[in-house]
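Participant: got a predicted structure plus its sequence, pasted below:
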Amino acid sequence: MNALPWILGAYHFSVRCSINVFFILFQTEFFVRAGVHGLPYVYTAMNVVYIILQFASLQKLHHRSSDYLLRACGAWFLAVLARIILFPDNSLAVATLYLLGIMVFELFFNQFFVHFLSDLFPLQDAKRHLPTIAAFGSLSCIASGVLLKLVLGIFPIGTILAGNLVLFGVSSLGFVALRVLGGSSGGGCKAEGPAPDAATSRVEDFGGWPLVKALATLSALNMVGKYWLDYQYSVAINKAWPTASELASFIAIFTAVTDAAVLFSQATLSGWALRSGGLVRTLGVMPIVVAALSLFIVVMPGTGLVLATQFAFSWLAKSFYQPSFSVVLGVLSSEARLKGMSTIGIASSCASMFASLVLIAVQDRFGPPPAFLALAAVFAVMASVVRKVDSIYAQEVVSRLDTLEEIGDPALLESLVALSPAEKRRRVERVLAGSEADQLSAISELSQVSPRDAGTLLLRLVEGEASPRVRASAARVIGSSGGREAACHLWKLSQGKQLEPRVLANLLESLADLDAGDEIEREARTFLNHPHHRVQAAAAYAVIRWARGDSDLEAPLAALWRMLTSDDALTRAAAVASLGNLQHEAFIPEIRDALSDKIEAVRRQAAKALEKIRTAEAAKSLRDAVGFIQPPALSDACATGASRLERLQVETVLQILDNLGADERMRAAELLSSLPGDPRGQLLWKILRLRDESIRRGLTSLLSGIPVPGLLDALDKALANVSEEVEWKEDVFSRMVLEADCNWFQSLETRLPRLLGSVAPGLYDRILALLLRRIVIEGALLVGENEPIGSLEGPVRRVLGLAANRCPDPAFAADALSKARGHGAFVASLSTEYFERHLGREVAYLLADVLNGLARPSEFPALARARAPAGAGVQVLSERASTLTDKR
């Protein structure tokens, strides 16, 4: 368990107790000398002094908040020490000065302490820990009052003041140790974006100014509403309890009940609400509830409703509004937040003075209905500002992530389909500068780059010092990805430069897909007698593709026939491969004959060639070969190829099933269930009987592709027959995914993108969450068995790509994931906020768990136990992961 929040809570409790005692003692001395009527003037002076100090400090706030906190505590300690030594018999001026001083000090303490906590905890941790630390502050209000009540009967005020100063000094010294414990002697370690110029003096010159303005408006409205409601509450209780003893008794009880409710909520509910309900939604609860109650009072005035409104305001503000407000500020960079909090403080003080002046002017002119109608309007406007804060907060999260240094992850490139053209080229260029594996990965994705950019990059690869394998791969796709201009340019270069045979062969095959022109066609014909079998076969393939009449076919077909009858096995295999690439059923007899070749390499190439010719005759040829072809592995490959071709009938029907009516779907399902060689037929019979259209379409999409027995079995068990209908039992499917010992569940990774185009985004998100949970479980098992977690990298990258593609901007989402892996906990918390908004809380937190586990593998077992899903897979997690923490 992380002890830091509890230590911070203990510090907050002790220093808050001391501040509360200072306030009570100095307020008592002021009342003795000036009476209660002088208090409004002190409040006005406090706001004026606070605003002046904030304006002055706003120009110079460039250090860490913990430094300012210690300076403020040190200055206050010396001021109180001077009061004890120099002014033992204080006058009215001294009493006023120190009451004003403790008020201003408390405001600055709150500001710097909240800023320090925001620097210390990432956003997700802040949601959990800040309410707990605030609860210690609420507890201090109760404890300090009780303690002061006890000691006032024993010691004089001067002695109590001195003892309280000692407590304050000890607490302040303890804060120095807290800074070190927090991971930085400077008190805060939040990752920053580009640092602003230290000479910058205006807060709007720093990032996050729109959010600061919105929060300042929200805070100002809150202060106006608070002052207005406090006044109406005071009027109501003075009328209901006219005598001093009755009034004091009620205030004591009401305050105690409110404080107890706040303490309970901060300790138990606030953190849960922030994590489950979201920051900004939690921020909006208080103004909406208070506005609604105020409208009730307009219709039905009464003391009970006024008290309920005051209680709701105090309870919701301290339990939910203030913690969420503090955490929302945490999205800002440290310096922008420091200046922003000063700006918000100024706005609040100005609003307080404005509210006081308005109350003085109109306090005797309005009854409860108009007063609470105005109050409802204030909180309604406040609720509308919360909606604006929600939008700006989301933009600020994106802005913070966008300004961080990019950490590229080549593996995410293959998962992205929505990159901007400039971004695609930039990423591909970066990956092409990497290893051979990275270069091959980038080449396979060049179809997503503009043809002009792809052609330039591919030419650079072929002409450069890349490996022969990379150059050959680049030559093969230069026509399809780079376009005719780049392919023809490379051909011209090849005439004056000796290319490796496989590079030249791949270039010919690439040109075959284009209208290369008469000149290139004539030059390609000269390669029909090339000594290398790959070049000769590729030339024949290209010339046949370019043929305009029968006369153009004679030479290339003759070349392929010579190759088929050659004594060299590699030559025969190359000819068979070219016939398969042509994908014409007229060549099936020649390819079928090659299945009986005495050389295995030729037979294997013939099986592959037949599979490219997607006809029933090709499927039958492969099925017939199963009985005689050797070795057994090749026989199995023929059987698999035959099944794949047979399943093309199913794939064709799958594309149109959901456009059929209910009766037509049933007839189609009956037909599919009778198809030979496809185990999906009976399963489709169940799926097509589902009533939920989104689930039906989603599961139909999952069935596309090669059937995987484990996946089909899981789907079959999750589709339960209930009476005359079929129901989808997602908890059964989830358990089977989490329980699976084999890797069939990885087939979900390749099928999941198909759900994006269907009407089943909810199913997509739930399966994505399952895959993430599965990774966490696998990580826990690997750690428990003392195995390296390197085997998780592939699945993790694929699933991260699936998560990125689910977001509105996949490119930005992929960047956010890469930065979360490379920039530490604070940036990871920003990315979690981003994904929570677009993918939901469950997926966002599971993504954070996976990234956290990859960074610190020893935490995988604890993460597996903490994120046990409700219902599905709980027993599995208990059985497979519950003891792993103990093993470590």
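Facilitator: Looks like it came in fine. Keep in mind that this is a model prediction, so the values were computed, not measured.
Participant: who touches the nearest residue to Ala816 once chain neighbours are set aside in this structure?
Facilitator: In space, and not counting its chain neighbours, Ala816 is closest to Ser831: 4.3 Å by Cβ to Cβ, 6 or more residues apart in numbering. All C-beta spots, glycine's among them, are computed from the backbone N, C-alpha and C. Taking Cβ atoms under 8 Å, 6 or more residues apart in numbering, we find Ser831 in contact with Leu401, Ala816, Leu817, Lys819, Ala820, Leu847, Ala848.
Participant: for Asn581, same thing?
Facilitator: Glu509, Tyr541, Ala609, Lys612.
Participant: in helices, which of those fall?
Facilitator: With helices taken from DSSP state H, the overlap with these comprises Glu509, Tyr541, Ala609, Lys612.
Participant: please enumerate the helices of the stretch 251-400 of the chain.
Facilitator: 270-277, 279-283, 285-299, 303-316, 322-329, 334-362, 368-403 (DSSP state H, counting those that start in this stretch).
Participant: Gly794: how many residues sit nearby?
Facilitator: Here the number of neighbours of Gly794 (other Cβ atoms under 10 Å) works out to 12.
Participant: secondary structure element for the residue nearest to Ala816?
Facilitator: For Ser831, the host element (DSSP states H and E) is helix 825-839.
Participant: how is this structure divided into domains?
Facilitator: Following the assignment in automatic domain parsing, the chain carries domains at 1-187, 207-403, 406-516, 551-657, 659-728, 739-888.
Participant: which of those domains sits closest to His533?
Facilitator: Counting by Cβ to Cβ, His533 lies closest to domain 551-657 out of the domains of the chain; the figure is 4.2 Å.
Participant: and that closest one, how far from the chain's centre?
Facilitator: From the chain centre to the centre of domain 551-657 is a distance of 47 Å (Cα atoms, centre = their mean, to the nearest Å).
Participant: what does stretch 95-106 rub up against?
Facilitator: 19, 22-23, 26-27, 29-30, 32-34, 38, 42-43, 45-46, 49-50, 53, 72, 76, 79-80, 83, 90.
Participant: which of the residues you listed are buried?
Facilitator: For the contacts of stretch 95-106, a neighbour count by 16 or more other Cβ atoms under 10 Å gives the buried set as 19, 22-23, 26-27, 29-30, 34, 38, 42-43, 45-46, 49-50, 53, 72, 76, 80, 83, 90.
Participant: and stretch 438-457, how far apart are its ends?
Facilitator: Stretch 438-457 has an end-to-end distance of 14 Å (Cα to Cα, to the nearest Å).
Participant: how near is the residue sitting furthest away from the middle of the chain to Lys239?
Facilitator: For the chain, the largest distance from the centre (Cα atoms, centre = their mean) belongs to Ser551, which lies 61.7 Å off. Plainly put, Ser551 is 110 Å away from Lys239 if you go by Cβ to Cβ, to the nearest Å.
Participant: go on, Ala618?
Facilitator: Counting by Cβ to Cβ, the gap from Ala618 to Lys239 is 94 Å.
Participant: and the two? Which one has more around it.
Facilitator: When neighbours are counted by other Cβ under 10 Å, Ala618 comes out ahead of the other of Ala618 and Lys239, with 23 against 10.
Participant: related to what we said a few turns ago, helices - which of the buried ones among the contacts of stretch 95-106 land there?
Facilitator: 19, 22-23, 26-27, 29-30, 34, 42-43, 45-46, 49-50, 53, 72, 76, 80, 83.
Participant: could you pull out the strands in the stretch 451-600 of the chain for me?
Facilitator: Assigned by DSSP state E, counting those that start in this stretch, the stretch 451-600 of the chain shows no strands.
Participant: still on that earlier bit, now restrict the ones in helices among the contacts of Asn581 to buried residues only.
Facilitator: Glu509, Tyr541, Ala609, Lys612.
Participant: between the residues you listed, which is closest to Arg774?
Facilitator: Checking these against Arg774 by Cβ to Cβ gives Lys612 as the nearest, at 34.7 Å.
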